[in-house]
Every structure is written in structure tokens, then in C-alpha cells.
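*Asks:* Structure here, sequence nowhere to be found:
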């Protein structure tokens with residue numbers, strides 16, 4: 001048996017090897033195609049990128065033709081470099097540098113020599129291009145053609161794929177364009193389409209002698225798919241106008257769907273400046289602006305103390321934990337005294353219950369409420385984790401999973417947070433009471449605050465915020481249709497919503513009412529510190545506002561944060577009222593608010609960093625304390 005087994009294995013193995021060799025050499029031509037690549041020229045046909053529309057079908061981003069000059073260094077022979085440089089408006093030094101760069105990439109493979117010529121630039125070269133072949137050739141591509149001057153942070157841009165991307169993803173070659181940031185990056189594979197490929201047979205003189213294998217391996221380019229965003233162009237444009245000469249972020253969401261209606265960051269820029277041969281220069285200028293940071297999407301990336309809007313959650317958690325009800329009363333004497341003589345200031349006075357605690361934004365009321373929540377449990381660490389899980393169920397402290405490629409988690413403290421902060425002594429509710437009013441260790445981004453108030457508008461649930469509404473021929477990600485339910489029972493939202501309506505009727509935003517629209521909102525003011533020359537210096541507070549409208553069957557939820565703008569009702573609140581009316585009615589009746597906000601500039605406040613007044617700020621620095629002792633809403 002053993003004598004037969006070994007020869008049998010050898011014979012079978014030999015037969016299998018021969019069959020495989022026959023298949024590869026006779027039937028399958030793909031290896032031959034690869035081995036013959038020196039005699040085969042690959043020509044790519046680049047498809048048009050998909051168009052981008054807003055939620056109402058308005059065209060936002062289209063395409064325009066562009067031309068890349070490609071070079072194969074080994075084939076650049078006997079050309080008139082002086083004429084070539086003149087046609088391209090470059091110097092001989094530029095020419096030598098670009099050839100050297102291409103040679104480093106590969107002497108035998110073509111790469112980009114000069115990218116993104118427009119139609120006028122290409123027209124000057126077109127008639128004489130044959131004089132510079134075969135070393136140089138033209139590849140036609142399409143660049144973005146922006147139909148609007150807003151939404152740069154939403155769209156992102158397209159640029160040449162980097163060597164790292166090319167190395168990781170075989171789809172891309174030198175000179176190929178790829179989406180970066182915004183929807184261009186997140187929906188890259190949808191928008192880019194699929195490039196076509198043609199294989200041409202070349203003879204030993206590098207002359208084209210026809211299609212390889214009669215086009216057997218050629219493929220046709222497939223145009224990118226068009227997409228509709230959830231953005232409302234009119235609202236987006238209006239938000240950016242209101243934020244001129246200011247810094248901050250605005251996020252508006254449709255509560256019932258999670259669709260992002262507006263995503264504003266300020267300052268911003270015209271997206272068209274990142275198109276064409278000037279892209280690199282303009283991008284460098286934007287990138288190097290370390291003060292205004294126009295490339296920094298504050299709506300998604302900026303983490304701020306949420307301030308008084310966080311009191312909404314403080315109240316909801318306390319109701320859920322049954323440590324208070326609507327009638328629970330706390331006395332306020334312009335502030336709240338707690339451990340070791342510390343004092344939290346407040347503009348309130350007299351007895352406060354849930355309704356007027358929210359409407360008048362009483363720090364004393366919510367400090368007591370928070371301490372009762374933590375003190376319900378014997379263990380403060382356990383209590384903080386229970387409290388934190390309630391808060392996180394509103395989308396805070398996480399990336400949430402929206403369809404944009406950038407973001408920050410914010411911060412909701414846990415028992416581990418305080419174990420690290422206070423390793424040598426026992427902390428309790430008094431130590432961390434600043435969390436009650438959205439200070440302390442709590443941080444949130446504007447999109448998280450918008451999602452929070454949308455959850456309140458829905459009385460306890462939200463859909464993951466997203467910016468895609470429709471993809472032609474495809475379904476959107478099912479995760480955007482999945483309902484997320486908060487840990488707070490629905491019955492507890494109604495009294496809180498009444499308090500938020502009271503903010504506009506009798507409270508801190510009573511001067512911002514819009515006739516005929518029941519707006520529920522919450523003012524906020526967050527302390528603002530900066531480190532200057534190694535010193536922690538207090539600057540003008542940030543203005544925060546969250547709101548939804550109308551009260552019944554809400555159509556829009558919004559969060560606004562304006563840096564260094566002071567009280568929540570001063571700048572952020574008016575912006576909320578204006579944008580809500582603009583979206584619901586399509587017009588503005590509060591012309592007084594509109595005029596004030598459009599004309600308001602905070603540039604002088606921001607320029608304090610660049611003038612000699614920095615020395616004054618340092619001399620007036622505020623000693624760091626673990627509690628907000630100055631926060632007063634207005």
C-alpha cells in the first residue's frame with residue numbers, strides 16, 4: 001500500500017500543477033497583461049463626480065473640466081523647453097524641479113507634472129501639445145464647480161491622492177483626485193464613480209499600434225452618483241450671514257428624523273478658493289491662520305462647557321431618580337453656599353420650583369437638585385456613574401456616529417475621572433456640584449447640544465444626526481433610521497418643556513419672543529479661560545443657546561455657541577430666534593434682532609490676543625477655582 005501511495009501523490013500533484021500552468025498561460029491573460037506592462041500603455045478614463053444637491057433639490061456642487069499635464073521622464077527628449085515653459089507660464093527652474101520630482105516617483109511611469117489647468121490655460125497649449133509628446137500628455141479630469149459660496153465645512157474639497165493613500169488603496173494612482181473632509185470624504189466611493197481603463201499595445205519605438213487583445217480587458221467609466229444632503233441651503237446661508245465677524249458654531253436638526261438642516265462654523269470661507277492651481281496656496285493661508293482657524297469646524301470639533309443648557313438634563317435626571325418633583329422648592333439668596341465657605345453666584349432670589357428654576361435659570365435650584373441626585377446613593381462614585389449613564393443616553397460623551405469624517409467626543413465625567421483627580425481624599429456631591437450647571441468637568445460640542453435638545457423636543461428619543469438625505473440608486477445607511485431612546489421616562493419631559501417655554505415667556509429669553517411661534521429654549525453662559533504665556537487667564541464668556549420650535553410637533557432643534565460673546569441672551573439667543581423664524585416662515589419679522597446681529601462684530605474681542613492688552617489680561621488673571629463663581633445667565 002505504501003509503495004502505491006507515494007507515486008500516486010506525486011502524479012496527482014504534477015497533474016494539478018500542469019493544469020494550473022495551462023490555465024495561466026493559455027486561458028487567463030491577466031498575468032500576461034501584467035508581465036507585458038512595459039509594452040502596454042494604460043489609459044484611464046476619469047468619470048464625472050456626482051453632483052451634490054440640498055434637501056429641496058437646489059444644486060450646490062457641480063463639475064468643471066480640468067486638465068493635468070502628465071510626464072514620463074524617460075520619454076522627455078529633444079523638446080523646446082523654453083517654449084514649453086512659456087506656454088505653461090512657468091520658469092526653467094520650475095521645469096527642472098518638476099521633472100526631478102517626477103523622476104523620484106518613477107522615470108518609467110507617468111505622474112503629474114502640472115495639475116488642474118483650466119480651459120483657458122489648456123487652450124494655449126492644446127495646438128502645440130504634439131511637439132512635446134510622448135514625454136508629456138494631457139489627462140482630462142473634472143474639478144468641482146461650486147454653485148454657492150457657503151457650506152465649505154459641509155462639502156469638504158477634493159485634492160490629489162497622497163502617496164500614503166496610493167500605497168494603501170490600489171484604486172488610486174498618481175494625480176488621481178480624492179475627497180477630503182466633509183461629504184466629499186465620507187461619501188467618496190459614491191461620488192467618485194469608477195474610472196474606465198483602456199490598454200493600448202505599444203511597439204519597441206513606443207508607438208501605439210492598437211488596442212490590446214481587441215479591448216478584451218477595457219472597461220467603461222461609471223459616473224459618480226448624485227446625492228441630496230439634508231441641508232437647507234436658505235437656512236445654511238442665513239446662519240453664515242448671522243455669524244459674520246464672529247466665531248462659533250450653529251447646528252440645526254429636524255427632531256423627528258435627525259436630519260441636519262444647517263451646520264455652520266465661523267469664520268468660514270468660499271469653497272471655490274480650494275479649486276484649481278491656486279488651491280495649495282489658498283489652503284496654506286487658511287491652515288496657517290492659527291487665530292481664526294477657518295478650517296476648524298467648530299460645530300463638530302469645538303468642545304465647550306455647555307453652561308446652563310445642561311440644567312435641562314440635571315432636572316430630567318433628578319425627576320427620573322425621584323429625588324424631586326415639580327413642586328420641590330429651594331430658596332435662593334442670590335447664590336448657593338457649599339463646602340468650606342464657597343459660594344456659587346446666582347441672579348435669583350426667593351423660592352424656586354422646577355418651572356421657574358428653568359425659566360429663570362437659577363443656579364441655586366439646580367445645585368441643590370444635583371446634590372440630591374448624587375446623595376441618593378451611599379457611594380458617590382456609584383451615583384456619578386448612574387447620573388452619567390442618564391446623561392450619555394442623550395448622545396453626550398460620544399461621537400454619535402454621524403456621517404461626517406470629523407468630530408470630538410466631548411466629556412461626561414465618571415467615577416474614574418474623579419479617582420484620578422482626587423486620589424488622596426474622599427470626594428462627594430459638594431466637590432463636583434459645578435456639573436449641575438454645565439461647568440466642572442462636563443464638555444460638549446454644538447452638534448451634541450443640538451442632539452440633546454432634539455431629544456427633549458421628541459420627549460425622550462433621537463435619531464443619529466446625519467447629513468445624507470438621498471443617494472440616487474442607493475439606500476442610506478440603516479443606522480440613521482434607528483431610534484435611540486433616552487433613559488428618562490416620557491412623562492418627565494412635559495414639565496421640563498413647560499419650563500423651557502417659560503424661558504421665552506417670563507424668563508431669560510423673554511426679549512427674544514417671535515409672535516405666533518411657541519419657542520422652547522434655554523440660555524447659557526460658559527466661562528472661558530485661555531492659557532497665555534503659561535498663565536491661566538479668564539476671557540469674556542461664551543454665549544450659548546439651545547431651542548426647539550414649535551412646542552407642539554417640533555420642526556427644528558438648534559444649538560448656537562458664539563465665542564467671547566457674553567450672556568446667552570445677548571448673541572446666541574437672538575440667532576436662535578431668527579433662524580427658527582427663517583426656517584418655519586421663510587421670512588423675518590424681528591427686524592430689530594436681525595439688524596443688531598448682522599451689524600454686531602466681535603473682532604475687537606478676538607484681537608485682544610494679538611495686541612499689547614495681553615499683558616493686561618495676565619495682570620488681571622483670575623485664580624483657578626473648581627467651581628464657577630461668576631456664572632449668571634441673562
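*Replies:* Structure's in. What do you need? Computed from a predicted structure; not experimentally measured.
*Asks:* wait, doesn't residue 83 sit right on residue 128?
*Replies:* Yes: Residue 83 is within contact range of residue 128, at 7.5 Å (criterion: C-beta atoms under 8 Å). Every residue, glycine included, has its C-beta placed from N, CA and C.
*Asks:* which residue packs closest to residue 316, ignoring adjacent ones?
*Replies:* residue 488 (4.9 Å; C-beta to C-beta, 6 or more residues apart in numbering).
*Asks:* repeat for residue 122
*Replies:* That would be residue 67: by C-beta to C-beta, 6+ apart, it lies 4.3 Å from residue 122.
*Asks:* Distance-wise, check the one you found relative to residue 113.
*Replies:* Separation of residue 67 from residue 113 (C-beta to C-beta, to the nearest Å): 11 Å.
*Asks:* Same check on residue 482?
*Replies:* 49 Å.
*Asks:* How about residue 134?
*Replies:* Taken as C-beta to C-beta, the span from residue 134 to residue 113 is 13 Å.
*Asks:* Who has more neighbours out of these two?
*Replies:* residue 113 (23 against 18; other C-beta atoms under 10 Å).
*Asks:* Tell me the pLDDT of the more buried one.
*Replies:* Residue 113 is assigned a predicted lDDT (pLDDT) of 87.
*Asks:* quick one: contacts for it?
*Replies:* 68, 69, 70, 71, 98, 99, 102, 136 (C-beta atoms under 8 Å, 6 or more residues apart in numbering).
*Asks:* Of those, which pair is most distant in space?
*Replies:* Farthest apart among the contacts of residue 113 by C-beta to C-beta are 68 and 99. That separation is 15.5 Å.
*Asks:* quick one: which of the two has more around it?
*Replies:* Neighbour count, other C-beta under 10 Å: between residue 68 and residue 99, residue 68 has more, with 23 against 16.
*Asks:* May I have the secondary structure class of that one?
*Replies:* Three-state call for residue 68 (DSSP: H, G, I helix; E, B strand; the rest coil): strand.
*Asks:* Which residues are in contact with residue 83?
*Replies:* 128, 131.
*Asks:* And it, what's its pLDDT?
*Replies:* So residue 83 comes in at 87 (pLDDT).
*Asks:* tell me which element it is part of?
*Replies:* helix 81-88 (DSSP states H and E).
*Asks:* helix or strand right after that helix?
*Replies:* helix 92-105.
*Asks:* who's in contact with that next one?
*Replies:* 71, 73, 76, 81-82, 84-85, 90, 111-114, 174.
*Asks:* ok, now with 6 Å
*Replies:* Here helix 92-105 makes contact (C-beta atoms under 6 Å, 6 or more residues apart in numbering) with 71, 73, 81, 85, 111, 113.
*Asks:* what about burial for these, which qualify?
*Replies:* 71, 73, 111, 113 (16 or more other C-beta atoms under 10 Å).
*Asks:* so what's the first one bridging to?
*Replies:* Right, residue 71. Taking DSSP bridges as the rule, residue 71 bridges to residue 111, residue 136.
*Asks:* Contact partners for it?
*Replies:* Contacts of residue 71 (C-beta under 6 Å, 6+ apart): 102, 113, 136.
*Asks:* Nearest to residue 278 among these?
*Replies:* Using C-beta to C-beta, the contacts of residue 71 come closest to residue 278 at residue 113, 17.6 Å.
*Asks:* All the strands of the stretch 501-634 of the chain, in order from the start?
*Replies:* 520-532, 535-549, 556-562 (DSSP state E, counting those that start in this stretch).
*Asks:* Buried deepest among those, which one?
*Replies:* strand 556-562 (a mean of 30; mean count of other C-beta atoms under 10 Å).
*Asks:* which other helices and strands contact it?
*Replies:* Where contact means 3 or more C-beta pairs under 6 Å, 6 or more residues apart in numbering; DSSP states H and E, strand 556-562 is packed against strand 248-254, helix 446-457, strand 535-549, helix 572-585.
*Asks:* which stretch in these is the model least sure about?
*Replies:* Across these, strand 535-549 gives the lowest mean pLDDT, at a mean of 86.
*Asks:* what about that one, distance to the chain center?
*Replies:* 20 Å (C-alpha atoms, centre = their mean, to the nearest Å).
*Asks:* in its sheet, what does it sit against?
*Replies:* When DSSP bridges is applied, strand 535-549 pairs with strand 520-532 (antiparallel), strand 556-562 (antiparallel).
*Asks:* can you give me the angle the last one makes with helix 446-457?
*Replies:* Spelled out, it's strand 556-562. 140 degrees (axes from the mean of the first three to the mean of the last three C-alpha atoms, to 10 degrees).
*Asks:* Touching strand 556-562 from outside, list them.
*Replies:* Outside strand 556-562, the residues touching it (C-beta under 6 Å, 6+ apart) are 246, 248-253, 255, 304, 446, 449-450, 453-454, 457, 542-548, 571-572, 575-576, 580, 583.
*Asks:* secondary structure class for the residue nearest to residue 316?
*Replies:* Assignment for residue 488 (three-state DSSP): coil.
*Asks:* got a list of what it touches?
*Replies:* Residues near residue 488 by C-beta under 6 Å, 6+ apart: 316, 320, 460.
*Asks:* These in helices, which ones?
*Replies:* Among those, the members found in helices (DSSP state H) are 316, 320.
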